[in-house]
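Asks: got a sequence here, can you model it:
(one chain, ligands or ions: 1)
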Amino acid sequence: MRLQAEAVNRLRPAYEGRRVLVTGGAGFIGGHLCDALVSLGATVTVLDDLSNSTLEHLAGLVELEPERVRFTQGSVLDDDALIEAADGASIIFHLAALGSVPRSIDYPQRAWSVNATGTIRVLEAARTVRASRIVFASSSSVYGEDPRQPRIETMTPAPLSPYAASKLAGETALSVWARCYGLETVSLRYFNVFGPRQPADSAYAAVVPVFAKKMLLGEAPVIFGDGSASRDFTCVDDAVLGTLLAGSSSSVGKGEVINLGTGRSTSVRDLASIIAKAAGVPHIVPTFEPARKGDVPHALADTSLAKRLLGYEPAWRLEDAVEEAVRWYRAALARI
Ligand SMILES: NC(=O)c1ccc[n+]([C@@H]2O[C@H](COP(=O)([O-])OP(=O)(O)OC[C@H]3O[C@@H](n4cnc5c(N)ncnc54)[C@H](O)[C@@H]3O)[C@@H](O)[C@H]2O)c1
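Replies: Presented below is the predicted three-dimensional model:
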């Protein structure tokens with residue numbers, strides 16, 4: 001994770017010497033967020049049950065900064081573990097979740113329990129330890145079947161999967177806890193975040209790592225549907241920047257819901273070409289299979305609210321961010 005110098009200058013006063021909790025901090029986005037928080041001078045506790053991650057990255061960070069990074073293995077469904085991890089934290093970044101739309105279709109009750117009930121438990125822990133703010137990792141999937149693009153926060157959500165429904169429940173809880181208990185809360189709707197360290201091997205892995213790995217192995221990736229489905233692919237560094245701004249901005253805290261994307265739409269077919277080029281295999285063409293249940297056809301972020309409330313400006317061009325991710329997957333494959 002590299003914050004640009006201007007962002008560091010802007011964010012350091014808000015985080016230097018501050019104690020924060022990151023739930024899900026051993027995961028993909030959470031790990032990058034922890035890197036950035038440490039570089040800004042914060043003291044970070046991570047609570048993660050490692051159900052979808054390993055300690056590979058975080059252990060290195062703890063070793064490097066033992067005074068400022070602490071890891072607790074535990075679930076957001078365990079009140080005692082939560083309160084212990086949150087103790088003394090003024091800001092909680094709540095990223096722990098059972099991710100992936102297809103996984104939630106296979107395990108709906110578990111998705112609801114971790115993502116919706118787990119969020120209420122984090123809110124209650126925040127009240128117990130008197131944290132001042134919670135930033136919640138929500139998802140663009142809550143927009144669901146509404147065909148209008150770009151997605152604007154004022155649109156009525158229409159979730160198409162248990163995952164999206166559970167994220168919408170989390171957002172609603174954050175807004176209610178702000179009203180009833182004066183806790184500062186803000187929800188961020190991430191749009192297809194990708195970058196180094198995002199897992200490529202699970203059955204529920206995201207599209208960028210799956211395509212990158214396949215192509216680096218010289219194999220054709222599978223596109224579900226005809227490839228015209230499109231997404232707002234967001235570099236993890238930009239998602240982290242927006243998340244840090246949400247943790248520190250004085251213009252939010254009343255349960256706002258804010259898109260975090262780039263404002264650029266890319267079809268899955270075009271994404272495959274960009275990855276093939278970055279991987280040095282432009283001749284590889286994808287194969288096609290029927291579209292999957294629960295997937296939304298298009299998702300493009302309107303980022304005006306993030307700009308207005310957070311001063312958020314995405315810094316990465318898609319092609320450059322894909323190149324960097326592919327470089328990371330190439331190095332990871334070479335290590336095997
Ligand atoms: N990656 C994306 O494109 C994207 C898009 C929209 C929203 N999000 C949301 O952002 C957050 C981070 O996503 P990510 O891509 O880093 O996923 P991730 O799976 O890498 O990270 C989630 C982390 O939460 C942990 N976790 C799961 N259940 C837990 C529990 N009960 N208690 C404690 N920890 C638990 C996992 O072990 C993992 O480390 C998630 O809330 C996800 O739903 C991600």
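Asks: how far away is the residue in the stretch 201-336 of the chain that the ligand sits nearest to from residue 276?
Replies: In the stretch 201-336 of the chain, the residue that lies nearest the ligand is residue 206 (6.0 Å; Cβ to the nearest ligand atom). The C-beta positions use only the backbone N, C-alpha and C, and glycine is treated the same way. Distance of residue 206 to residue 276, computed by Cβ to Cβ, to the nearest Å: 17 Å.
Asks: of these two, who's got more company?
Replies: residue 276 (22 against 19; other Cβ atoms under 10 Å).
Asks: residues in contact with the residue of the stretch 201-336 of the chain closest to the ligand?
Replies: Applying Cβ atoms under 8 Å, 6 or more residues apart in numbering to residue 206 gives the contacts 100, 192, 194, 198.
Asks: next: residue 95.
Replies: 22-25, 27, 29-30, 33, 137.
Asks: where does it land on pLDDT?
Replies: Looking at residue 95, its pLDDT stands at 98.
Asks: closest to the ligand among the contacts of residue 95?
Replies: For these, the nearest to the ligand is residue 27 (2.2 Å; Cβ to the nearest ligand atom).
Asks: ok, and the closest non-adjacent residue to the closest one?
Replies: residue 53 (4.6 Å; Cβ to Cβ, 6 or more residues apart in numbering).
Asks: for the stretch 201-336 of the chain, which spans come out with low pLDDT?
Replies: For the stretch 201-336 of the chain, applying pLDDT under 70 flags no range at all.
Asks: follow-up on the earlier one: give me the buried entries from the contacts of residue 95.
Replies: If you count burial by 16 or more other Cβ atoms under 10 Å, the buried members of the contacts of residue 95 come out as 22-25, 27, 29-30, 33, 137.
Asks: residues from the stretch 1-150 of the chain in reach of the ligand?
Replies: Within the stretch 1-150 of the chain, the positions near the ligand by Cβ under 6 Å from any ligand atom are 23-24, 26-30, 47-53, 75-77, 95-99, 114, 118, 137, 139.
Asks: of these, select the buried ones using a ChimeraX command.
Replies: Buried residues among those (16+ other Cβ under 10 Å), as a ChimeraX selection:
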select :23,24,26,27,28,29,30,47,48,49,52,53,75,76,95,96,97,98,99,114,118,137,139
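Asks: helices - which of the residues of the stretch 1-150 of the chain next to the ligand land there?
Replies: The helices, defined by DSSP state H, take in 28-30, 118 from these.
Asks: and those as a markdown table, adding pLDDT and distance to residue 290?
Replies: Below are those laid out as a markdown table (pLDDT from 0 to 100; distance: Cβ to Cβ, whole Å):
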| residue | pLDDT | distance to residue 290 |
| --- | --- | --- |
| 28 | 97 | 27 |
| 29 | 98 | 29 |
| 30 | 98 | 33 |
| 118 | 98 | 32 |
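Asks: which one of those sits closest to residue 186?
Replies: Proximity of those to residue 186 (Cβ to Cβ) peaks at residue 29, which lies at 15.8 Å.
Asks: so what's that closest one up against?
Replies: With Cβ under 8 Å, 6+ apart, residue 29 has these contacts: 95, 137, 190, 193, 236, 239-240, 243.
Asks: need the phi and psi values for the residue nearest to residue 27.
Replies: phi -160, psi 180 (degrees, to the nearest 10).
Asks: tell me the contacts of it?
Replies: 24, 26-28, 30-31, 199.
Asks: mind pulling the model confidence for it?
Replies: 96.
Asks: got the residue ranges for the strands in this structure?
Replies: In the chain, the segments counted as strands under DSSP state E are 19-23, 43-48, 69-73, 91-94, 133-139, 184-190, 193-194, 222-224, 230-231, 234-235, 254-260, 266-267, 287-289, 298-299.
Asks: ok so, going back, widest-spaced pair of the ones in helices among the residues of the stretch 1-150 of the chain next to the ligand?
Replies: 28 and 118 (17.8 Å).
Asks: re earlier: could I get the contacts of residue 29 as a markdown table with distance to residue 184?
Replies: Below are those laid out as a markdown table (distance: Cβ to Cβ, whole Å):
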| residue | distance to residue 184 |
| --- | --- |
| 95 | 17 |
| 137 | 16 |
| 190 | 20 |
| 193 | 23 |
| 236 | 25 |
| 239 | 20 |
| 240 | 20 |
| 243 | 15 |
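Asks: go through these and name the one nearest residue 65.
Replies: residue 240 (17.3 Å).
Asks: neighbours around that closest one, how many?
Replies: Neighbours of residue 240 (other Cβ under 10 Å): 27.
Asks: then the one 3 residues further on?
Replies: With neighbours defined by other Cβ under 10 Å, the count for residue 243 comes to 27.
Asks: can I assume it is in contact with residue 33?
Replies: Yes: counting by Cβ atoms under 8 Å, residue 243 touches residue 33, with 5.9 Å between them.
Asks: what touches both of those two?
Replies: Joint contacts of residue 243 and residue 33 (Cβ under 8 Å, 6+ apart) are residue 93.
Asks: gap between residue 272 and residue 222?
Replies: Where residue 222 is concerned, residue 272 sits at a distance of 10 Å (Cβ to Cβ).
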